[in-house]
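Student: Just need the structure, nothing else, for what follows:
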Amino acid sequence: MKLSAIAVALGANLENGSPDTEITGVAAIETAGPGHLTFVSNPKYTPAARRTRASAVIVAEDFPALSTAMLRSKNPYLDFARALELFYRPPQYAPGIHPTAVVHPSARIKAGAHIGAYVVIQEEVEIGQNAVLLAHVVIYCGVTIGDNFLAHSHAVVREFCRIGNNVALQNGVIVGGDGFGFAKDNAGRWHKIVQSGPTVIEDDVEIQANACVDRASVGETRISRGAKIDNLVQVGHGSKVGEDSLLCAQAGLAGSTDVGNNVILAGQVGVAGHCKIGDGAIATAQTGIPNDVPAGAVVSGYPAIDNKLWLRCVAVFNRLPDIARILRKK
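Tutor: A predicted model of the protein is given here:
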C-alpha cells in the first residue's frame, strides 16, 4: 500500500518522504524495517525514532523533524491503531449454524449469524443481526443480545442477561454468573442468597479473556456504553461501571461498587463494596480503595491516597530504618 494512500486514509500530512513509498505492514519502532510503518508520540523517544529502520513514522504535529518519512497526526497512537486495521485481516465467519450446535426451537436469531461448533443456545433467546458465536459458546435461557455480537470460544452468558449492540466477549468470559452472596443462618451455616438480578451490558463494550461480571441478588449489574474490561477482572454483584471506563487486568470490584464515567482502574486495583468512584478518577496499579474517590482524583497505595502524596511517601519508605535509628539516638 502506497504511503500516500495511507496518509489519505488516516487524514495525516505526509512530510519528508515519497508518496510512492510502498508500505507492507506495521511494526514497533525498535523492530521495524524497510517497508514498515511505525509510530512515536512522546519526544523522549526521539532517539529511537532517529534510529528506526522503518520506511515511515507516524508522529505528532509538533514532533521534531526526522530524516525518515513522517505522517504528522493529531493523535499518533490512534492513527497507528487505524493503520493496523489497514493491514490486518481478521478471520471471516460465514453465516450458518454448525451441525453440532444445539439451538432451542424458541430461540430467535436474525440474519447473518455464524453459530459455531458445539454452541448451545437455550430457550427464548433473542440475538440480533450478524452475530458470531464461536465454538463452545453457551447462551442461557431468556438472554437478549443486539446486533454485531462477537463471542469467542467458551464465553458464557447466563440466564436473562441483556447485551446491547457491538459487544465483544473474549475467550472464557462469564456474563451473569452468580454474585457472591451468602447469609449465616442461626446454626452458623452459610445460606445462599438467590442472585435474581441480571447483568446488563450496554453497546460498544468489550470484555476480555476470563473476566467475570456477576449478576445481582436484586436489581442489576450494569456495564455502561463503551466501557472496556481487561483479562481476569472481577465485577461484583450489583455494581455499575460507567461509560468509557477502563478496568485493567486483575482489577476487582466488590458488590455494589459504583464506578463513574471515564474512570481508569489500573492493574490489580481493588475496590471495597458500596464505594463510589467519581467521573474521571484514576487509580494506579495495585491501589486498594476502601472509601469513595472524588471525581477527577488520581489515587495510589493502600489505603488509597492522593498520588502525589503517595509518591512522596514511597520516596521516604526506604529511608525509614535510618530515620528510626536517628530518632532513637535523640
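Student: can we go C-alpha only for contacts and neighbour counts from here?
Tutor: OK.
Student: Would you report the backbone torsion angles of residue 322?
Tutor: Per-residue torsions, residue 322: phi -70, psi -40 (degrees, to the nearest 10).
Student: what about it, neighbour count?
Tutor: 10 (other C-alpha atoms under 10 Å).
Student: so how far is residue 329 from it?
Tutor: 11 Å (C-alpha to C-alpha, to the nearest Å).
Student: just residue 204 next, same as before
Tutor: 62 Å.
Student: who's more crowded, those two?
Tutor: More neighbours surround residue 204 than the other of residue 204 and residue 329, with 20 against 6 (other C-alpha under 10 Å).
Student: In this structure that one contacts residue 225, no?
Tutor: Yes. Between residue 204 and residue 225 a contact is recorded at 5.8 Å, counting by C-alpha atoms under 8 Å.
Student: got the buried residues for stretch 64-84?
Tutor: Applying a neighbour-count criterion of 16 or more other C-alpha atoms under 10 Å, one finds 66, 68-74, 76-77, 79-80, 83-84 buried in stretch 64-84.
Student: need the residues you listed in TSV with distance to residue 254 and pLDDT, can you?
Tutor: Below are the buried residues of stretch 64-84 laid out as TSV (distance: C-alpha to C-alpha, whole Å; pLDDT from 0 to 100):
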residue	distance to residue 254	pLDDT
66	49	91
68	50	94
69	50	96
70	47	96
71	45	97
72	44	96
73	41	96
74	39	95
76	36	95
77	33	93
79	36	96
80	36	95
83	38	96
84	36	96
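Student: Return the subset of these lying in helices.
Tutor: Taking DSSP state H, the ones among the buried residues of stretch 64-84 that sit in helices are 76, 77, 79, 80, 83, 84.
Student: Closest one of the residues you listed to residue 292?
Tutor: Closest approach to residue 292 among these (C-alpha to C-alpha): residue 77, at 32.3 Å.
Student: show me what contacts the closest one?
Tutor: 39, 40, 41 (C-alpha atoms under 8 Å, 6 or more residues apart in numbering).
Student: which of those has the most neighbours?
Tutor: Result: residue 39 is most packed of those (other C-alpha under 10 Å), 25 neighbours.
Student: Quick check, that residue in contact with residue 32.
Tutor: No. The criterion here is C-alpha under 8 Å, and residue 39 misses it with residue 32 at 10.0 Å.
Student: Domains of the chain: list them as residue ranges, please.
Tutor: 3-87, 155-330 (automatic domain parsing).
Student: For residue 101, which of the ones you listed is the nearest?
Tutor: Going by C-alpha to C-alpha, the one of the domains of the chain nearest residue 101 is domain 155-330, 14.6 Å.
Student: Between the two ends of the closest one, what distance do you get?
Tutor: 63 Å.
Student: show me what contacts the residue nearest to residue 181 when sequence neighbours are not counted?
Tutor: Spatial nearest neighbour of residue 181, excluding adjacent residues (C-alpha to C-alpha, 6 or more residues apart in numbering): residue 193 at 5.3 Å. If you count contacts by C-alpha under 8 Å, 6+ apart, residue 193 has them with 181, 182, 183, 217.
Student: Grab the nearest non-local neighbour of the last one.
Tutor: Sequence neighbours aside, residue 195 is the residue nearest to residue 217 in space, at 3.8 Å (criterion: C-alpha to C-alpha, 6+ apart).
Student: Hmm, the one you found is touching residue 215, no?
Tutor: Yes. Using C-alpha under 8 Å, residue 195 is in contact with residue 215, at 6.3 Å.
Student: still on that earlier bit, which of the contacts of residue 193 fall in strands?
Tutor: 182, 183 (DSSP state E).
Student: Weed out the non-buried ones from the contacts of residue 193.
Tutor: Buried among those (16+ other C-alpha under 10 Å): 181, 217.
Student: Mind telling me the two of the contacts of residue 193 farthest from one another?
Tutor: The most distant members of these, if one measures by C-alpha to C-alpha, are 183 and 217, lying 12.0 Å apart.
Student: quick one: the helices in this protein?
Tutor: Under DSSP H, the chain gives helices at 3-10, 46-51, 76-87, 307-317, 320-329.
Student: For this structure, give me the ranges with low pLDDT.
Tutor: Screening the chain residue by residue with the criterion pLDDT under 70, one finds no matching range.
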